[in-house]
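Here is a sequence together with a model predicted from it:
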Amino acid sequence: MSSLIQQIADLYPDHTKIRLGIGEGGIFIKPTIVSTVLGSCVSVTFYCRRKKTGAIFHALLPKIPEAIEAKLFQDRFKYVDSAIKHIIHTLQRRGIEHDQIEVKVFGGSEGAFNGVIRTGASNIMAAYEVLNKHKLQITASDIGGSMGRNLVFVSSTGEVFIKNHKNSLLSGKETTQSKNKYRKVAN
C-alpha cells in the first residue's frame, strides 16, 4: 500500500482496506477504504448518508453486449451500464431511494490510441446516460484528459481522494499538472 493511501487509511483505522481490479465492484455496508487505478476505465461511486452505505465499481467497457445482458453472469462490473444498473437495483432493495444517493464519476482518460479508439469518452458517456436515465444527479467528477488516476473511496463517508499520474498516457512525459498528493473531491 503506497504511503499516501496509508495516510488516508490511518484516518480510518477501523475500516477494511481493499483494492479493486478491472471488472470488480461492490456495495459496502461495513466501513471500507477502496482503492483503484483508472486509465480509460470508469469508476462511479454511490453513497447514502442515512445508511452510511457506499458502492463503487471499476468498469472496462461502456455497454454490455445484448447477448450477454440476458444471462446472469459474473462480469456485471466489467461494463459501465450493467454495473450502474446492478448497484442501483441493489441499493433500492436495501431501502435506499434515488434522492438519497450521492453519485461521483471518475476516469475515462484517453490513452495511446486517442482518436482511433475512444474508450474513455465512451465509458464517460455511458455512465452519464445511465445515471441520467435513472434520474441520479452527479455531485462531483474528475473525468477525461490524458492522465490516469489513483482513486481512494471511503465507503462510510462518501469521500473520494484522487491523485493524477505524473505521466500522460498519451506522451509518457512529465506534465505540469501532475501532483504527488491526493486531493479530496468535493462532497
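The structure has been received and is ready for your questions. Residues are numbered from 1 along each chain as shown.

after the lowest-mean-pLDDT helix or strand in the chain, next one along is what?
Within the chain, no helix or strand scores below helix 66-69, which has a mean of 69 by mean pLDDT, DSSP states H and E. Sequence order places helix 80-93 as the next helix or strand after helix 66-69, per DSSP states H and E.

and that following helix, which residues are buried?
80-88, 91 (16 or more other Cβ atoms under 10 Å). C-beta: built from backbone N, CA, C; applies to glycine.

Run through the residues that contact I101.
Residues counted as contacts of I101 (Cβ atoms under 8 Å, 6 or more residues apart in numbering) are 46-48, 88, 91, 136.

Those residues into TSV, with extra columns for distance to H15 and pLDDT?
Below are the contacts of I101 laid out as TSV (distance: Cβ to Cβ, whole Å; pLDDT from 0 to 100):
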residue	distance to H15	pLDDT
F46	17	98
Y47	14	98
C48	17	97
I88	24	97
L91	20	97
L136	25	97
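
farthest-separated two in the residues you listed?
Y47 and I88 (13.0 Å; Cβ to Cβ).

Take the contacts of I101 and lay them out in TSV including distance to S156.
TSV is the format used below for the contacts of I101 (distance: Cβ to Cβ, whole Å):
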residue	distance to S156
F46	13
Y47	9
C48	11
I88	20
L91	15
L136	20
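
follow-up on the earlier one: and which of the buried residues of helix 80-93 is nearest to A55?
Closest to A55, out of all of the buried residues of helix 80-93 and judged by Cβ to Cβ, is I87, at 4.7 Å.

pLDDT wise, what is that closest one at?
With respect to pLDDT, I87 scores 97.

Surely it and I27 touch.
Yes: contact criterion Cβ atoms under 8 Å: I87 and I27 qualify, at 6.4 Å.

Mutual contacts of these two, please.
With Cβ under 8 Å, 6+ apart, I87 and I27 have common neighbours A55.

Identify the residues contacting D81.
If a contact means Cβ under 8 Å, 6+ apart, then D81 has 62-64, 126, 129-130 as its contacts.

distance of it from I8?
From D81 across to I8, the span is 30 Å (Cβ to Cβ, to the nearest Å).

try R93
30 Å.

Then F153?
10 Å.

list the residues that contact both of the two?
I33.

Who has more neighbours out of these two?
F153 (28 against 21; other Cβ atoms under 10 Å).

Quick check: the more buried one touching F46?
No: in this structure, F153 is not within contact of F46 by Cβ under 8 Å, at 9.8 Å.

overlap in contacts of the two?
Residues touching both F153 and F46 by Cβ under 8 Å, 6+ apart: 54, 56.

Show me what E102 is bridged to.
Beta-bridge partners of E102, counted by DSSP bridges, are Y47.

Sketch out the strands for the chain, chain order is fine.
Secondary structure of the chain (DSSP state E): strands at 16-19, 24-28, 32-38, 42-48, 53-59, 101-107, 138-143, 147-154, 160-168, 183-185.

before we move on, back to that, nearest to K52, out of the buried residues of helix 80-93: which one, please.
K52 lies nearest to L91 out of those, by Cβ to Cβ, at 12.7 Å.
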